[in-house]
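S.K.: A predicted structure for the sequence below; I have some questions about it.
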Amino acid sequence: MTTAPLVDPADLLAAAESVEPLPHTVARLATLVADPNSDIGMISETVSLDVSLSADVLRLANSAALGHRANITSVRDAVVRLGISTLLSLTLASRVGDRMLQALPTYGLQSGALWERSVAASIAAEVIRSRARVPVPAEAGTAALLHDFGKIVLARHFGKQILETLALAAATDGLDLLETERVVFGLTHADIGGTVAEAWGLPLTIVDGIRDHHEAHEDLSAVSAAVALACAMSFEVTTRDADPEERESQVARRREVTPVMKILQLDDDDYHEIVARSRDRFDEVADRFGG
């Protein structure tokens, strides 16, 4: 395989930057959530100024999936009930979820599988936040939710033919898909996803969390470490009965994320507990939404 990319990386970055923008209020909300100096009042006011977002937040707060009975009628109460991390993840999900339902055969993902894996990663990131022995900022769950959005850009911009080329190149040269992306595109889906998040005006912690989700070294931020670990766990969260080959892959993934577990001060027992709790939460969400 030639070392020169088969496509112009600048063209791909331009495609990422041209993705339909998020509503300004959503980007502002993400900035507030990532700002340690913001408070519930500022966040509630931002939501309240957007009629559509206010309606969504009230609907989400009263959703049966949250397991509450008392009816919520104010935005502030809705924000308190949801929590700022869940608020941001659910708000982003309502804006981008429909774009993540398509099948991506190159990556072995059937229709809906990318969205399922993304939700699982977001849930795992939330459990990691509660289990880590270092503070993990609230935006980790949102970065985990969006970690694979770059694959959508690749599929939409280049279509079936170039993705088939990607799969063929990986099979021919014995490389994993991430390394093959670097060869074919000069960039990876993680780079592209980070560019989309940056173009959306999302906080740098989210941008870096997306770009770094395949990294595993001890210089990562707490958000990037949590996202990388959550993404590595996402297959286990959604799959209970793995075959022997997949179980071997799971063990390999656990070894690869050892550096990020050190950042978060987690051990093997924590890993298994996080996966188990994330599975339970994921199954609950899937059941209530008919998954």
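M.R.: Arrived safely. Please read these numbers as outputs of a predicted model, since none were measured by experiment. Numbering: from 1, shown residues only.
S.K.: elements contacting the helix or strand containing residue 156?
M.R.: Using DSSP states H and E, residue 156 sits in helix 149-173. Helix 149-173 sits against helix 9-17, helix 177-185, helix 189-199, with contacts defined as 3 or more CB pairs under 8 Å, 6 or more residues apart in numbering; DSSP states H and E. Every residue, glycine included, has its C-beta placed from N, CA and C.
S.K.: which strands and helices sit next to the second one?
M.R.: The helices and strands touching helix 177-185, judged by 3+ CB pairs under 8 Å, 6+ apart, are helix 149-173, helix 189-199.
S.K.: also the last one?
M.R.: Identification of packing neighbours for helix 189-199 by 3+ CB pairs under 8 Å, 6+ apart yields helix 9-17, helix 149-173, helix 177-185, helix 204-211.
S.K.: so which of these comes closest to residue 74?
M.R.: Closest to residue 74 of these is helix 204-211 (CB to CB; 27.5 Å).
S.K.: and the contacts of that closest one?
M.R.: Contacts with helix 204-211, where a contact means CB atoms under 8 Å, 6 or more residues apart in numbering, come from 30, 34, 137, 139-140, 142-144, 146-147, 149-150, 190-191, 193-194, 197-198, 221, 223-224, 226-227.
S.K.: distance from the chain centre to stretch 32-49, please.
M.R.: Its chain's C-alpha centre and that of stretch 32-49 lie 22 Å apart, by CA atoms, centre = their mean, to the nearest Å.
S.K.: residue contacts, residue 188?
M.R.: So residue 188 contacts 150, 178, 181, 182, 214 (CB under 8 Å, 6+ apart).
S.K.: what do you get for residue 273?
M.R.: Neighbour list for residue 273: residue 131 [criterion: CB under 8 Å, 6+ apart].
S.K.: which SSE is it in?
M.R.: Residue 273 belongs to helix 268-288, assigned by DSSP H and E.
S.K.: what residues of that helix count as buried?
M.R.: 270, 271, 274, 275, 277, 278, 279, 281, 282 (16 or more other CB atoms under 10 Å).
S.K.: out of the residues you listed, who's nearest residue 25?
M.R.: Proximity of these to residue 25 (CB to CB) peaks at residue 281, which lies at 27.6 Å.
S.K.: which residue packs closest to the closest one, ignoring adjacent ones?
M.R.: Of all residues not flanking residue 281 in the chain, residue 123 sits nearest, at 5.0 Å (CB to CB, 6 or more residues apart in numbering).
S.K.: OK, contacts around that neighbour?
M.R.: Taking CB under 8 Å, 6+ apart, one finds 141, 237, 278, 281, 282, 285 in contact with residue 123.
S.K.: swap in 10 Å and give it another go.
M.R.: By CB atoms under 10 Å, 6 or more residues apart in numbering, residue 123 lies in contact with 89, 141, 144-145, 230, 233-234, 237-238, 274, 277-282, 284-285.
S.K.: check residue 265 too.
M.R.: For residue 265, the contact set (CB under 10 Å, 6+ apart) comprises 131, 132, 133, 134.
S.K.: excluding chain neighbours, what is closest to residue 97?
M.R.: Nearest to residue 97 is residue 115, by CB to CB, 6+ apart, at 6.1 Å.
S.K.: wait, the one you found sits on residue 151?
M.R.: No: the criterion here is CB atoms under 10 Å, and residue 115 misses it with residue 151 at 11.4 Å.
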